[in-house]
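Visitor: With the input below, show me the fold.
(one chain, ligands or ions: 1)
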Amino acid sequence: MAETQPDANGQTVDGASEYFRNTQRPKQLSKHEALAKEFIQYHVETNPDRRIAIVTSGGTTVPLEKQTVRFIDNFSAGTRGATSAEYFLQADYAVIFLHRQFSLLPYSRHYSHSTNCFLDFMDEADDGGVIVADEFQAKMRRVLQQYQHAKKNRLLLLLPFTTVTEYLYALRSLATLTKPLGPRTLFYLAAAVSDFFIPADRLEEHKIQSRETADGKGSGKKLIIDLDPVPKFLKTLVQQWAPKGSMVVSFKLETDPELLVSKAEESLSRYQHDCVIGNLLTTRKWEVVFITRDRGEKWIRVPKARRSKSFSGVENMVGLADHKKEPEQIDLEGGTVTEGMEIETLIIPELKRMHDDVIARQERH
Ligand code: PMT
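Guide: Numbers count the residues shown, from 1 in each chain. All right, here's what the predicted structure looks like:
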């Protein structure tokens, strides 16, 4: 699907509008819009300086059937999004967390999913009750305090999606609803969005059958899936949906170090937004590259001694995508709530500084 193409009346329509015309409005959208509207209004009325970050997180699914049994998915667990949301809250933003259902959530991420089973943090008390084990008390208290602060002050709104269509509808609605905030809105697009989907008119209603061949000798029916490209909605977000002067940060994920910087630069020049954060699949927890128009290429790295261990990461790939081999610029001290330093503790303050500039520029105009 091209980014723009003529419709039946010969009018030019962009790929995103075409996509919405041909997909069904998700059932839960009205409820999510009402929640978001109320959240935004509350912050506009109670604090005219409040900034809101719309953080997208996790992977999107592509259903293979209308009554979905099977779907295509991707690797994202939502770590980047959930971690970043915490640091945005710490930086005094209110956060709308648009996340893949059952992916990691801010705060509870410390105790959820298989590597961190919450039961491992518990102990039986002498009086027959259940308590947090001694060694986890300090950290859990900090996480709990931060969580309760966010909750009490209505600073965090959690909105789930599952499919790529639900994600795109929600993002469009949120962008439109944040209009009253203008430049105080920041879009932080960390979700791993599917690039391909099956249009509704080609989608099977029922579970696709995997019949044996009639003589019983065959090894089953082949499944050939014909996918259309999801239009690049980033351009539409920047040019049409997002409030005027708001800040838009997208992510670029690559696996080949040779491609990362050039692909991130290409994305910035094509979509004309504020910043692309490039990351490699294997090093994304330890380094990212910021690509901006004014400042060019800037690498942010967790200092070697403070890198957390990761099963999926490949530490000797750190630095491979950085052809300029700049010396490490940031080596902050400072505590985080997990072992090692989380790179988001460096990413979010940097973005906040950029957002200060964006807002100041708008105020001068
Ligand atoms: O969740 P984790 O396991 O922590 O992983 C985090 C992450 C690697 C998923 C995250 O850091 C990240 O890189 N997210 C973006 C991944 C991605 O979709 O990259 P991409 O190169 O496919 O897309 C680049 C940008 O285009 C995205 O910001 C997306 O908003 C945009 N896009 C994508 C698809 C589409 N149809 N239209 C778009 O505009």
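Visitor: Show the pLDDT at Arg307.
Guide: You'll see Arg307 listed with a pLDDT of 84.
Visitor: And what about Val95, helix, strand or coil?
Guide: When classified by DSSP: H, G, I helix; E, B strand; the rest coil, Val95 comes out as strand.
Visitor: Name the residues of the protein found near the ligand, please.
Guide: For the chain, the residues in contact with the ligand (C-beta under 6 Å from any ligand atom) are 76-80, 189-190, 192-193, 195, 230, 232-234, 250-253, 279, 284. Backbone N, C-alpha and C define where each C-beta goes, glycine included.
Visitor: Now intersect those with the helices, please.
Guide: Using DSSP state H, the members of those that fall within helices are Thr79, Arg80, Leu234.
Visitor: can I get those residues in CSV with distance to Ala133?
Guide: Compiled in CSV, those are given as follows (distance: C-beta to C-beta, whole Å):
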residue, distance to Ala133
Thr79, 24
Arg80, 29
Leu234, 45
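Visitor: Now Ser103. Its backbone dihedrals?
Guide: With angles defined as degrees, to the nearest 10, Ser103 sits at phi -80, psi -180.
Visitor: C-terminal to the one helix or strand Phe20 maps to, what's the next element?
Guide: Per DSSP states H and E, Phe20 falls inside helix 15-21. As assigned by DSSP H and E, the chain's next helix or strand after helix 15-21 is helix 29-46.
Visitor: Mind giving me the packing neighbours of that next one?
Guide: In this structure, helix 29-46 makes packing contacts with strand 94-100, strand 156-161, helix 164-177, judged by 3 or more C-beta pairs under 8 Å, 6 or more residues apart in numbering; DSSP states H and E.
Visitor: Quick check: buried residues in that helix?
Guide: Leu29, His32, Glu33, Ala36, Phe39, Ile40, His43 (16 or more other C-beta atoms under 10 Å).
Visitor: shaky segments in the stretch 51-200 of the chain?
Guide: Counting by pLDDT under 70, not a single residue of the stretch 51-200 of the chain qualifies.
Visitor: how about a markdown table for the buried residues of helix 29-46, with pLDDT added?
Guide: Converted to a markdown table, the buried residues of helix 29-46 look like this (pLDDT from 0 to 100):
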| residue | pLDDT |
| --- | --- |
| Leu29 | 98 |
| His32 | 98 |
| Glu33 | 98 |
| Ala36 | 98 |
| Phe39 | 98 |
| Ile40 | 98 |
| His43 | 97 |
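Visitor: And the residues you listed, which is closest to Gly15?
Guide: Ranked by distance to Gly15 (C-beta to C-beta), the buried residues of helix 29-46 are led by Leu29 at 20.2 Å.
Visitor: Surely the closest one is in contact with Tyr169?
Guide: Yes. Look at Leu29 against Tyr169 with C-beta atoms under 8 Å: they come within range, at 5.3 Å.
Visitor: Now do Leu351 against the ligand, distance only.
Guide: 13 Å (C-beta to the nearest ligand atom, to the nearest Å).
Visitor: what do you get for Ser308?
Guide: 13 Å.
Visitor: Verify the contact between that residue and Ile343 for me.
Guide: No. The pair Ser308 / Ile343 is not scored as a contact, 9.5 Å apart, by C-beta under 8 Å.
Visitor: Quick one: classify Thr56 as helix, strand or coil.
Guide: Here Thr56 is recorded as strand under three-state DSSP.
Visitor: Relative to Glu65, how far out is it?
Guide: The gap separating Thr56 from Glu65 is 25 Å, by C-beta to C-beta, to the nearest Å.
Visitor: Of those two, give the one with the bigger neighbour count.
Guide: Thr56 (28 against 15; other C-beta atoms under 10 Å).
Visitor: Run through the residues that contact the spatially closest residue to that one that is not a sequence neighbour.
Guide: Excluding the flanking residues, the one nearest Thr56 by C-beta to C-beta, 6 or more residues apart in numbering is Ala191, at 3.8 Å. By C-beta atoms under 8 Å, 6 or more residues apart in numbering, the residues touching Ala191 are Thr56, Ser57, Gly58, Gly59, Thr60, Ser76, Gly81, Leu98, His99, Arg100, Tyr167.
Visitor: So, low pLDDT: which residues of the stretch 201-350 of the chain?
Guide: Looking at the stretch 201-350 of the chain by pLDDT under 70, you get 212-220, 311, 326-339.
Visitor: Tell me which stretches of it form strands.
Guide: 228-229, 247-254, 275-280, 287-292, 296-301 (DSSP state E, counting those that start in this stretch).
Visitor: so of the ones you listed, which one's packed in deepest?
Guide: strand 275-280 (a mean of 24; mean count of other C-beta atoms under 10 Å).
Visitor: What strands flank that strand, and is each parallel or antiparallel?
Guide: strand 247-254 (parallel), strand 287-292 (antiparallel) (DSSP bridges).
Visitor: What lies in contact with it?
Guide: Counting by C-beta under 8 Å, 6+ apart, 247-255, 257, 260-261, 263-265, 267-268, 287-292, 317, 320-321, 347, 351, 354 sit against strand 275-280.
Visitor: again, but for stretch 252-259
Guide: Applying C-beta under 8 Å, 6+ apart, the contact partners of stretch 252-259 are 192, 260, 263-264, 267, 276-282, 284, 317, 320-321.
Visitor: can you rerun that using 10 Å?
Guide: Stretch 252-259 is contacted from outside by 74-76, 80, 190, 192, 260-268, 276-284, 288-289, 291, 317-323, using C-beta atoms under 10 Å, 6 or more residues apart in numbering.
Visitor: For ChimeraX, write a command that selects the buried ones of those residues.
Guide: With 16+ other C-beta under 10 Å as the criterion, this ChimeraX line picks the buried residues out of the contacts of stretch 252-259:
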select :74,76,80,190,192,260,261,263,264,265,267,268,276,277,278,279,280,282,283,284,288,289,291,317,318,319,320,321,322
